[in-house]
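In: Provided below are the primary sequence and the corresponding predicted coordinates.
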Amino acid sequence: MSAARHRVSTRVVAISVLVVALILAGVVSFYAASTPDGLTKVSEDEGFAHTETEHDAAEGPFAGYGTSFIDNDRLSGGVAGVVGVVAVLAVFGGLTLLLRRRGTPGDRSQEDSSVERETDSAAS
Amino acid sequence: MHVPDGFLDAPTSIATGVIAAGAVAVSLRKARGELDDRTAPLAGLVAAFIFATQMLNFPVAGGTSGHLMGGALAAVLVGPWTGVLATAVVLVVQCLLFADGGVSALGTNIILMSVVTVGVGWLAFRGVQALLPKRVSMVPVAAGIGAFLSVPVAALVFVGLYAIGGTADLSLGKLAAAMVGVHLLIGVGEGIITFLAVGSVVAARPDLVYGARRVLAARTLEVRTAGASA
């Protein structure tokens, strides 16, 4: 495969994923459909939408994917989206780093075989 | 499919909370085996990407919309156990920071959109992978099919939970038909987005894709065997 010879570096892949995520959450999200999602629509049609109770975090600064202190709709949603991407990246990036560090430091062959075992148990 | 507070009664919500906590605890142990030099740097970014994509509701028939759940996507890219954790973190951030999905329903949402979509997505992916030709180009196809199936199954599990602890008296048959119907359509979107996202990473660096490892390993073996016999 010729693609294997021009290997894209892991850093480029990582930065690309981050940039795409920031653009989707920060800019493209403004154009997302605002109609109710599948479950909300079904709850309206089947008559149980009224059983929903108020969310405990409904007064938070980013509740409902908006930024409470920004009036401009586009900016309000965009900032909330970027905050969410950064928050998820910080929490899960940190968690995976911790899990990785706490894992047994071994040579690559051992790690690869443990990965295979995990795959087998997950697939069965 | 974010379930708000109030749809399910307290005992059911507590039970789903306990089950979800157990699933996360098991995943925390098992994910260590998946996080190596190739998956670890990307895992946080995959979760961030899934968060971003969940903001993009796409229209489906009849004034309804849907968005990616990302369970199959996460499982194929970084491994199923890490995938459970990645999607669970997305749901926790959505719940606490964006008031999306009830606090009391967090366990329910983790079961539906993390455990079920990852589990169904991954198992279906592996099943389809076994049937299709063992080529790297088939990985995004299998991922897309797994993603498609995961959404209506999650909808059915919601109906099951509603049968146990729903707060309104409904015809469960009608609820099941409505939920599965609309989520089959949303599943098509899930499948397409997953196919495209997995396809992009596979095109650039197939070795970074957890679900492509067996195919790559088999290919390397074949090349080596061919080289040895020549």
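Out: Arrived safely, thanks for sending.
In: contacts and neighbour counts: CA atoms only from here.
Out: OK.
In: For chain A, give me the ranges with low pLDDT.
Out: Low-confidence segments of chain A (pLDDT under 70): A:1-6, A:102-124.
In: cutoff 80 now
Out: Along chain A, segments meeting pLDDT under 80 span A:1-6, A:101-124.
In: Distance of B:S104 relative to chain A?
Out: Using CA to the nearest CA, to the nearest Å, B:S104 is found at 9 Å from chain A.
In: what number of residues lie near that residue?
Out: Neighbours of B:S104 under the rule other CA atoms under 10 Å in any protein chain shown: 23.
In: just the one 3 residues further on next, same as before
Out: Number of residues near B:G107 (other CA under 10 Å) recorded here: 25.
In: average model confidence for the host helix or strand of it?
Out: Here B:G107 sits within helix B:106-110, counting by DSSP states H and E. Mean pLDDT, helix B:106-110: 98.
In: Check which helices and strands the longest helix seen in chain B is in contact with.
Out: Selection of the longest helix in chain B by residue count, based on DSSP state H, yields helix B:172-204. The contact analysis (3 or more CA pairs under 8 Å, 6 or more residues apart in numbering or on different chains; DSSP states H and E) places helix B:172-204 against helix A:38-45, strand B:58-60, helix B:71-78, helix B:139-165.
In: So which residues lie in contact with the helix holding B:G107, not counting its own?
Out: B:2-3, B:13-14, B:16-21, B:87-88, B:91-92, B:95, B:101 (CA atoms under 8 Å, 6 or more residues apart in numbering or on different chains).
In: What mean pLDDT does the longest helix of chain B get?
Out: 97.
In: May I see the buried residues of it?
Out: B:175-176, B:178-180, B:182-195, B:197-199, B:201-202, B:204 (16 or more other CA atoms under 10 Å in any protein chain shown).
In: tell me which element residue 19 is part of?
Out: Since no chain was named, I'll use chain A. Assigned by DSSP H and E, A:V19 falls within helix A:10-26.
In: um, chain B though
Out: helix B:10-34.
In: Show me what secondary structure element comes after that helix.
Out: Sequence-wise, the next helix or strand downstream of helix B:10-34 (DSSP H and E) is helix B:40-54.
In: State the mean pLDDT of that next one.
Out: Here helix B:40-54 scores 95 as its mean pLDDT.
In: Repeat that for stretch B:142-155.
Out: 98.
In: can you give me the strands for chain A?
Out: Using DSSP state E, no strands are found in chain A.
In: hang on, A:A49 packs against B:V3?
Out: No. Counting by CA atoms under 8 Å, A:A49 stays clear of B:V3, with 10.8 Å between them.
In: of the two, who's got more company?
Out: Taking other CA under 10 Å, A:A49 and B:V3 do not tie; B:V3 has more neighbours (22 against 18).
In: Can you tell me how far the closest residue to that one other than its chain neighbours is from A:V28?
Out: Spatial nearest neighbour of B:V3, excluding adjacent residues (CA to CA, 6 or more residues apart in numbering or on different chains): B:G101 at 5.2 Å. To A:V28, B:G101 is 22 Å away according to CA to CA, to the nearest Å.
In: Which one's more surrounded, these two?
Out: Remark: of B:G101 and A:V28, B:G101 carries more neighbours, 21 against 18, as counted by other CA under 10 Å.
In: Tell me if I'm right that that one and B:Q94 touch.
Out: Yes. With contacts counted by CA under 8 Å, B:G101 reaches B:Q94, the gap being 7.2 Å.
In: which residues touch the most centrally placed residue in chain B?
Out: The residue lying closest to the centre of chain B (CA atoms, centre = their mean) is B:G71, at 1.0 Å. Applying CA under 8 Å, 6+ apart to B:G71 gives the contacts B:83-84, B:87, B:113-119, B:121, B:147, B:150.
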